[in-house]
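Any chance you can model this:
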Amino acid sequence: ILKLNSSAAARLGFLDIDLSGRSVSLIVHPQADLHTDKTQFTDLMDAFGNLIPVELRSAPFTSESRKGRVLVCHDLSEREASEELLRTAFNNSGSLLSISRASDGVFIDINPAFLEAVGYTKQEVIGKTSNQLGLLATQSQRDPLILEALKSSRIRDLDVQIRTKDGRILDALFNVDVLKIRGETCIMTSAIDITRRKVAEARLVEMLKDLEELVSRKVDELNQAQLATIIALSNITESRDTDTGHHIERIRALATILATAVAQDPIYAPLLSEVEIANLANASVLHDIGKVGIPDAILLKPGKLTPEEFTVMKHHVLIGWSMLEKLSLRFPDNRYLQVGKEIVLNHHERWDGAGYPNQLKGTAIPLPGQLIAVCDVYDALRSKRPYKPALDHASAVELILAQRGTQFNPDIVDAFLAVEHRFDETYNQLAE
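Numbering: from 1, shown residues only. As a prediction, the model looks like this:
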């Protein structure tokens, strides 16, 4: 990279970072062909690992005896999808999608995911209404639902029960939108099957009633039985989001590797004894326990969160901290709980002070939070999500290195680079 203009730097989040001399693979998807003059569609990667769809054109240039290529990118994020792209997205979506006429409720299209969930064929559904098929467990729901949708143009996060062809009842989270198709008003529904989530929620509510008492009995002495219980509780939290896989097991292993490497630095050695590293690794499994208080509609959203939704999501650190704070008031000398609170509250703070919830900067961020921040971001970059592909190890390392001194403590990034091969081995061993 010779130069990045201000618009590109702002869009990609590199305004304060000079990328001159860095590999273009830091920001351009590796599948892009940078040696062709043909227009192509690819992705750029911003400073936080998010993918930005673009139309890319490339042209050669020569300046001051240097040869290179000028890349011109047009951001497609806000472009309305063409009918063909919309059709592909409709059919390939994992959400349950249907389109019906507002006037009579007759289905004019339904995607494969919906058909698989309810057990009907497309021929059995098209031309029929939900009432004729008995799709809604409570048929009286449809008319008020349509009237509300026509009045407000959209409905969000509505709990609806669907009856399948064989009579089973599914719990679903519905979104309803009004749209025009060839001049006719239609209703598009998008649903997520949350039946398993409802069962998990019921189990979670029951277990949370005993959580304080259970953990209180165990925190006096951290032994293998206690650790297994806490990991199990954390897994219940993670089970609400099927994309997390073995996330907490990996974070615990990565935390041990990174803390051990950082402890080789004489500055940090007094803070990271073997006992403290064990406390850090074991407490790391609690880092996202506050997500128990985040609504399904946000936690399970299969796309990028809106600013308002992200604000709600950020509350998980305060929810988790509050849970552990109640326990630590009863056991004020328990170091394990103290480390857990420091991790839960601070693993989204940034070295440059732009993190949350308290915008702490530099060494004001407790060391456990600094360490888990690197582990959590590495694991997130390597993991596939509905809104982004998984990055390979080298790309994840490069992105973390790019945030040295901005998002992350430079010393911790240096220690990470010394053991990054062990991060790769650990991730592969505990892959989803």
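
pLDDT weak spots in the stretch 201-350 of the chain?
Residues of the stretch 201-350 of the chain that meet the criterion pLDDT under 70 lie in 211-245.

mind listing the helices for it?
211-218, 224-239, 247-262, 274-283, 296-299, 307-314, 316-330, 335-346 (DSSP state H, counting those that start in this stretch).

angle of the helix or strand following the last one against helix 247-262?
Note on helix 335-346: by DSSP states H and E, the next helix or strand toward the C-terminus is helix 367-382. For helix 367-382 and helix 247-262, the angle between their directions (axes from the mean of the first three to the mean of the last three CA atoms, to 10 degrees) works out to 120 degrees.

Show the subsequent helix or strand relative to helix 367-382.
helix 393-402.

from the chain's centre, how far out does that following helix sit?
Put simply, helix 393-402 sits 18 Å off its chain's centre (CA atoms, centre = their mean, to the nearest Å).

just the strands in the stretch 1-150 of the chain please.
40-45, 51-63, 66-75, 96-101, 107-110 (DSSP state E, counting those that start in this stretch).

Who does the last one pair with, and is each partner parallel or antiparallel?
The partner list of strand 107-110 in its sheet, established with DSSP bridges, is strand 96-101 (antiparallel).

Which positions within the partner strand qualify as buried?
By neighbour count with 16 or more other CB atoms under 10 Å, strand 96-101 contains the buried residues 96-100. From N, CA and C alone the C-beta is placed, and that goes for glycine too.

Same check on stretch 306-325?
Of all the residues in stretch 306-325, those buried under the rule 16+ other CB under 10 Å are 309, 312-318, 320-321, 323-324.

likewise stretch 348-359?
So, applying 16+ other CB under 10 Å, buried residues of stretch 348-359: 348-351, 355-356.

Just the residues contacting it, thanks.
For stretch 348-359, contacts defined as CB atoms under 8 Å, 6 or more residues apart in numbering pick out 314, 317-318, 345-346, 360-362, 365, 369-370, 373, 405-410.

Try it again at 7 Å.
Residues outside stretch 348-359 that contact it (CB atoms under 7 Å, 6 or more residues apart in numbering) are 314, 317-318, 360-362, 365, 369, 405-409.

now do the same end-to-end measure for that stretch.
End-to-end distance of stretch 348-359 (CA to CA, to the nearest Å): 9 Å.

ok, so what distance separates the most centrally placed residue in the chain from G303?
The chain has R385 as the residue nearest its centroid, 6.4 Å off, counting by CA atoms, centre = their mean. Going from R385 to G303 by CB to CB, to the nearest Å gives 9 Å.

Restrict stretch 320-337 to CA atoms and write it as PDB.
C-alpha atoms of stretch 320-337 as PDB (Å, rounded to 0.1, in the frame of the first residue of the first chain):
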ATOM      1  CA  GLY A 320     -22.300 -10.100  34.100                       C
ATOM      2  CA  TRP A 321     -20.300  -7.800  36.400                       C
ATOM      3  CA  SER A 322     -23.500  -7.300  38.500                       C
ATOM      4  CA  MET A 323     -24.000 -11.000  38.900                       C
ATOM      5  CA  LEU A 324     -20.400 -11.600  40.100                       C
ATOM      6  CA  GLU A 325     -20.400  -8.400  42.300                       C
ATOM      7  CA  LYS A 326     -23.300  -9.900  44.300                       C
ATOM      8  CA  LEU A 327     -21.200 -13.000  45.000                       C
ATOM      9  CA  SER A 328     -18.100 -11.100  45.700                       C
ATOM     10  CA  LEU A 329     -19.900  -9.000  48.400                       C
ATOM     11  CA  ARG A 330     -20.400 -12.300  50.200                       C
ATOM     12  CA  PHE A 331     -16.800 -13.500  49.600                       C
ATOM     13  CA  PRO A 332     -14.700 -10.300  49.400                       C
ATOM     14  CA  ASP A 333     -11.400 -12.100  49.700                       C
ATOM     15  CA  ASN A 334     -12.000 -14.500  46.900                       C
ATOM     16  CA  ARG A 335      -9.400 -13.700  44.200                       C
ATOM     17  CA  TYR A 336     -11.200 -15.900  41.600                       C
ATOM     18  CA  LEU A 337     -14.300 -13.700  41.700                       C
END
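
Now do it: distance to the chain's middle.
27 Å.

Stretch 364-376 too?
That offset, for stretch 364-376, works out to 19 Å (CA atoms, centre = their mean).

Next, the buried residues of that stretch.
365-376.

Now do that stretch: everything it contacts.
251, 254-255, 258-259, 262, 271, 280, 284, 287, 339, 342-343, 345-347, 349, 400, 408-409, 412, 416.

hmm, back to that, so can I have TSV of the helices of the stretch 201-350 of the chain showing distance to D18?
Listed next are the helices of the stretch 201-350 of the chain as TSV, based on distance: least, CB to CB, whole Å:
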stretch	distance to D18
helix 211-218	47
helix 224-239	38
helix 247-262	27
helix 274-283	34
helix 296-299	36
helix 307-314	28
helix 316-330	32
helix 335-346	28
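
Can you give me the pLDDT of L430?
With respect to pLDDT, L430 scores 90.

Show the contacting residues for it.
By CB under 7 Å, 6+ apart, the contact set of L430 is 246, 249-250, 253.

Quick check on it: phi, psi?
Backbone torsions of L430, given as degrees, to the nearest 10, read phi -110, psi 30.

most tightly surrounded among the helices of the stretch 201-350 of the chain?
helix 335-346 (a mean of 24; mean count of other CB atoms under 10 Å).

and that one, what does it pack onto?
helix 274-283, helix 316-330, helix 367-382 (3 or more CB pairs under 7 Å, 6 or more residues apart in numbering; DSSP states H and E).

So the closest residue to L26 other than its chain neighbours versus R22, what's the distance?
Leaving aside its sequence neighbours, L26 sits nearest to E398 (CB to CB, 6 or more residues apart in numbering; 5.8 Å). Look at E398 and R22: by CB to CB, they are 9 Å apart.

circling back: nearest to L71, out of the contacts of L430: which one, please.
Nearest to L71 out of the contacts of L430 is R250 (CB to CB; 34.9 Å).

what sits against the closest one?
379, 426-427, 430.

try G119
Residues in contact with G119, defined by CB under 7 Å, 6+ apart, are 164-166.

F61 now?
68-70.

Let me know which of the helices and strands packed on helix 335-346 is the nearest to P266.
That would be helix 367-382 among the helices and strands packed on helix 335-346, by CB to CB, at 14.6 Å.

you'd agree R422 is up against I257?
Yes. R422 is within contact range of I257, at 5.1 Å (criterion: CB atoms under 7 Å).
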